[in-house]
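> For reference, the sequence and a predicted model appear below.
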Amino acid sequence: MKRKIVALACFALISLVGVAQEAARPHFGLDAAGLRYGFGEGSLSRDFQETEAVVDFSLPWQWDLGRDWPLTPRLDLSLGSFGNDHTTAVIGSAGVMLSLAPVKSPVALEIGLAPTLLSEHEFVTRGIGSDFQIRSWFGLAWAPQKNVSLSYHFQHMSNGGIAKDNQGLNMHTFSVQWRF
């Protein structure tokens with residue numbers, strides 16, 4: 001069942017990008033860099049935390065969804081630590097984040113998907129099945145100033161059913177980034 005949900009989410013993300021009308025963006029380049037912190041949500045996830053350095057790159061595409069509502073993709077790269085009080089793992093991911101906001105609005109809706117690798121998948125309080133995970137998230141970003149972005153995302157991490165233990169982890173994540 002969870003594999004079907006992940007597959008459906010991937011299909012929806014690809015379909016949205018494919019159906020939207022393409023318009024040229026300036027270039028591929030460094031968009032933002034900052035820090036992300038997250039903590040577990042729910043009884044199975046509450047002991048877990050993550051702290052990561054995050055770098056986002058603008059991609060050379062943008063789709064106008066009408067009336068000055070551009071859908072903008074970014075490459076989201078992160079590296080940091082993940083774990084609980086007993087075990088800490090290195091976590092790294094590379095994925096795509098889509099941002100939707102009216103032109104000149106400081107607030108954007110964001111959704112993303114990233115294949116993720118962990119250096120450890122067995123934690124004292126529970127296992128998460130495999131070193132390979134898939135993170136998906138959605139949330140809001142706010143740019144109170146031109147070069148600063150603050151965001152909140154609800155994140156789900158799961159191995160997508162490739163290993164027996166696939167309970168997944170839900171987290172609340174917060175980011176602060178400097179935009180270039």
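Looks like it arrived, so ask away.
> Span of stretch 53-68 from start to end?
32 Å (CA to CA, to the nearest Å).
> And the nearest residue to residue 101 once chain neighbours are set aside, which helix or strand is it part of?
Take residue 101 and drop its neighbours on the chain: the residue closest to it by CB to CB, 6 or more residues apart in numbering is residue 108, 3.5 Å away. Bear in mind the C-beta positions are built from the backbone N, C-alpha and C, glycine included. Residue 108 is part of strand 107-118, with elements assigned from DSSP states H and E.
> list the contacts for the nearest residue to residue 109 once chain neighbours are set aside?
Using CB to CB, 6+ apart and skipping the chain neighbours, the partner closest in space to residue 109 is residue 100 (4.7 Å). Counting by CB atoms under 8 Å, 6 or more residues apart in numbering, residue 100 touches 65, 69, 70, 71, 72, 108, 109, 110.
> And residue 100, how far from residue 138?
For residue 100, the distance to residue 138 (CB to CB, to the nearest Å) stands at 11 Å.
> Quick check: neighbours shared by those two?
109, 110.
> Name the next helix or strand following the helix or strand of the chain with the lowest mean pLDDT along the chain.
Counting by mean pLDDT, DSSP states H and E, the chain has its least confident helix or strand at strand 22-24, which shows a mean of 44. Next along the chain after strand 22-24, taking DSSP H and E as the criterion, comes strand 29-41.
> Just the CA trace of that following strand, in CSV.
Presented in CSV, the C-alpha positions along strand 29-41 are these (Å, rounded to 0.1, in the frame of the first residue of the first chain):
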residue,chain,number,x,y,z
GLY,A,29,22.9,28.4,-10.4
LEU,A,30,23.3,28.7,-6.6
ASP,A,31,20.0,29.9,-5.2
ALA,A,32,20.3,29.6,-1.4
ALA,A,33,22.3,28.0,1.4
GLY,A,34,21.5,27.5,5.0
LEU,A,35,20.6,25.2,7.9
ARG,A,36,17.7,22.8,8.5
TYR,A,37,16.6,21.4,11.9
GLY,A,38,13.9,18.8,12.4
PHE,A,39,12.3,16.8,15.2
GLY,A,40,10.0,13.8,15.2
GLU,A,41,6.2,13.9,15.2
